[in-house]
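Trainee: Give me a 3D structure for the following:
(one chain, ligands or ions: 2)
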Amino acid sequence: MKYMTTVDLPKVPNGLHGQLAVPGDKSISHRSVMLGAISKGTTVVDHFLLSDDCLHTIGAFRQLGVNIQIENDQVTIEGKGGFNHFTQPDQPLDMGNSGTSTRLLLGFLSKQPFDIEMFGDASLSKRPLDRVINPLSKMGANISATDNNFLPLTLHANNQLNAIDYKLPVASAQVKSSLIWAGLQADGKTHLTEKLITRDHTEKMIDQFGGHLDQDDVNITVTPQDQFKAQHVDVPGDISSAAFFLIAAACVPGSEITLKQVGLNQTRDGILQALDKMGAQYTISNESNDSEPAGDITIGYQSLTAINVEAAEIPAVVDEVPLIVLAATQAKGTTIISGAEELRVKETDRIATVTEELIKMGADITPKSDGFVINGGTKLHTASEPLDSHGDHRIGMMLAVANLIAGGDSLLDNADSISVSYPQFFEDLKQLS
Ligand SMILES: O=C(O)C1=C[C@@H](OP(=O)(O)O)[C@@H](O)[C@H](O)C1
Ligand SMILES: C=C(OP(=O)(O)O)C(=O)O
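Mentor: Ligands and ions are numbered 1, 2, ... in the order given. Sure thing, here's the model as predicted:
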């Protein structure tokens, strides 16, 4: 897909107000289709995120012969009752812009009795896959990828996966999840050791669907199993989507908002930890805890102070780092973010694109190889040339929030990339205006 649309970014002269339920969590939505597909029975998923990325996961499973119905934001998946009942896709699987779909499906589909081809868009075709190809190959998967690292690729027919002991060289929930899917199909116990704890939605959902993993801090043992039982999944609001409004409300004078039933999984709540460290006040109410914890978050405008963010804190906030940089431009003092080199291999090199775009609005940011140094207290202004999402949904939405803070009239190029994770972002922002 080419992202072409240029939009006039909205303003909120009186701040953000009111209540909003953000769309469902992207990571959990992807995984609900995967577990639903191998379970026995019909899985019903409510508050599913119908964004481009998740629709690519649904599209791939439909091509594998899984019957999936969509009605409003409810998705119904007729499970196949195991990993062994898929049919060979008659076209290559289109992964679009979605790193999660690609990396998770590589492990999930690494023991199928037929070849499967996969391709993606220009951005996804530049993102490294050797982080999953290498360990999956050790397990016996047979993958021919472009330069052994990139899409397009072919996952060759394979009937044997060997269990391995593997220490993950990167802190990545995508790599961990891919290897869990493969481990469930291997011939013995697979032992994984994470570099740092990363989001645990795969582990929680396996448990919800009647499976079992042994976990102890960064160690996970996967025992082969494919007896999963269909479930009802209620997807909480995506904290990564809520984060745009949390930062907007904290930084635009006069704001006071409540975001309803946002996912509060502790492996994902780094944006709240960062706000705490910046001295922000917010309240959490109506907490629920089904398979994933959730609650309502109320936050208003306030002054923020600079913080340091280090490597160990990054996984819980990896997709929200662009927003921490933006908040840091408004905070008192100098913020230093380190250990965030993974941002260089997201939809764009987010260290480069965040810096380039916020500098257009007057921010004082110095990029580092693994993060940023931000001198705060800047009055952001309208950019004299259009801002650019660079085709990266999270950069596009972060810039829309930056324009709210500036109270400016900036334009945003390549705005339609936002549909990758949050198609109704501008409508929801209007609801809070
Ligand atoms: O597992 C997931 O659902 C995700 C994991 C993260 O990627 P990495 O695991 O590559 O850090 C995150 O950036 C991505 O948006 C979603
Ligand atoms: C990095 C992201 O997603 P993915 O890796 O699935 O493309 C994201 O949503 O910010």
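Trainee: low pLDDT regions in the stretch 1-150 of the chain?
Mentor: 1-3 (pLDDT under 70).
Trainee: Which parts of it are helices?
Mentor: Applying DSSP state H, counting those that start in this stretch to the stretch 1-150 of the chain gives helices spanning 26-38, 52-63, 99-108, 130-138.
Trainee: Go through those helices and name the closest to residue 248.
Mentor: Each of the helices of the stretch 1-150 of the chain has some distance to residue 248 by Cβ to Cβ; the shortest is helix 26-38, at 19.5 Å. From N, CA and C alone the C-beta is placed, and that goes for glycine too.
Trainee: The closest one packs against which elements?
Mentor: strand 42-46, helix 52-63, strand 74-78, helix 99-108, helix 173-183, helix 201-208, strand 232-234 (3 or more Cβ pairs under 8 Å, 6 or more residues apart in numbering; DSSP states H and E).
Trainee: one more time with 7 Å, if that's ok
Mentor: Under the contact criterion of 3 or more Cβ pairs under 7 Å, 6 or more residues apart in numbering; DSSP states H and E, helix 26-38 touches strand 42-46, helix 52-63, strand 74-78, helix 99-108, helix 201-208.
Trainee: Just confirm yes or no for that helix near ligand 1.
Mentor: Yes - applying Cβ under 6 Å from any ligand atom, one finds that helix 26-38 is in contact with ligand 1 at residue 27.
Trainee: Next, the angle from that helix to helix 99-108.
Mentor: 30 degrees (axes from the mean of the first three to the mean of the last three Cα atoms, to 10 degrees).
Trainee: tell me how far helix 26-38 is from the chain's mean position?
Mentor: On the basis of Cα atoms, centre = their mean, to the nearest Å, helix 26-38 sits 13 Å off its chain's mean C-alpha point.
Trainee: phi, psi of residue 120?
Mentor: Residue 120 adopts backbone torsions of phi -150, psi -180, taken as degrees, to the nearest 10.
Trainee: what sits against it?
Mentor: 95-97, 102, 151 (Cβ atoms under 7 Å, 6 or more residues apart in numbering).
Trainee: Pick out the residue in the protein sitting closest to ligand 2.
Mentor: At 2.7 Å from ligand 2, residue 99 is the closest residue in the chain, using Cβ to the nearest ligand atom.
Trainee: Tell me how many other residues crowd that residue.
Mentor: Neighbour count of residue 99, defined by other Cβ atoms under 10 Å: 20.
Trainee: how near is it to residue 47?
Mentor: Counting by Cβ to Cβ, to the nearest Å, the separation of residue 99 from residue 47 is 22 Å.
Trainee: Within range of ligand 2, give me the residues from this protein.
Mentor: So the chain meets ligand 2 at 53, 98-100, 319, 346-347, 394, 421 (Cβ under 6 Å from any ligand atom).
Trainee: swap the cut-off to 8 Å and go again
Mentor: Contact residues, the chain versus ligand 2 (Cβ under 8 Å from any ligand atom): 26, 30, 53, 97-103, 124, 127, 174, 240, 318-319, 346-347, 392-394, 420-421.
Trainee: Now do the helices in the stretch 301-433 of the chain.
Mentor: Assigned helices in the stretch 301-433 of the chain, in chain order: 321-330, 350-359, 393-406, 425-431 (criterion: DSSP H, counting those that start in this stretch).
Trainee: what's the first one in contact with?
Mentor: In this structure, residues lying in contact with helix 321-330 by Cβ under 7 Å, 6+ apart are 243-244, 247, 250-251, 271, 274, 278, 304, 306, 309, 317, 335, 337, 340, 343, 350, 354, 358, 363, 365, 372, 374, 376, 378, 380, 394-395, 398, 401-402, 405.
Trainee: 6 Å instead, please
Mentor: Under the criterion Cβ atoms under 6 Å, 6 or more residues apart in numbering, residues 243, 247, 251, 274, 304, 335, 340, 343, 350, 354, 363, 372, 374, 376, 378, 394, 398, 402 lie in contact with helix 321-330.
Trainee: May I see the ChimeraX selection of the buried members of those?
Mentor: Burial among the contacts of helix 321-330 is assessed by 16 or more other Cβ atoms under 10 Å; the matching ChimeraX selection reads:
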select :243,247,251,274,304,335,340,343,350,354,363,372,374,376,378,394,398,402
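Trainee: just checking, which of the contacts of helix 321-330 belong to strands?
Mentor: 335, 372, 374 (DSSP state E).
Trainee: doesn't residue 337 make contact with the second one?
Mentor: Yes - with contacts defined as Cβ atoms under 6 Å, residue 372 counts as touching residue 337 at a distance of 4.7 Å.
Trainee: got TSV for the helices of the stretch 1-150 of the chain, with distance to residue 384 too?
Mentor: Output for the helices of the stretch 1-150 of the chain, formatted as TSV (distance: least, Cβ to Cβ, whole Å):
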stretch	distance to residue 384
helix 26-38	34
helix 52-63	31
helix 99-108	33
helix 130-138	40
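Trainee: Quick one: closest of the ones you listed to residue 145.
Mentor: Closest approach to residue 145 among these (Cβ to Cβ): helix 130-138, 5.9 Å.
Trainee: what comes up buried for the closest one?
Mentor: For helix 130-138, a neighbour-count test (16+ other Cβ under 10 Å) marks 131-133, 135-136 as buried.
Trainee: what is the orientation angle of that helix with helix 173-183?
Mentor: On the basis of the same axes, to 10 degrees, helix 130-138 is oriented at 20 degrees to helix 173-183.
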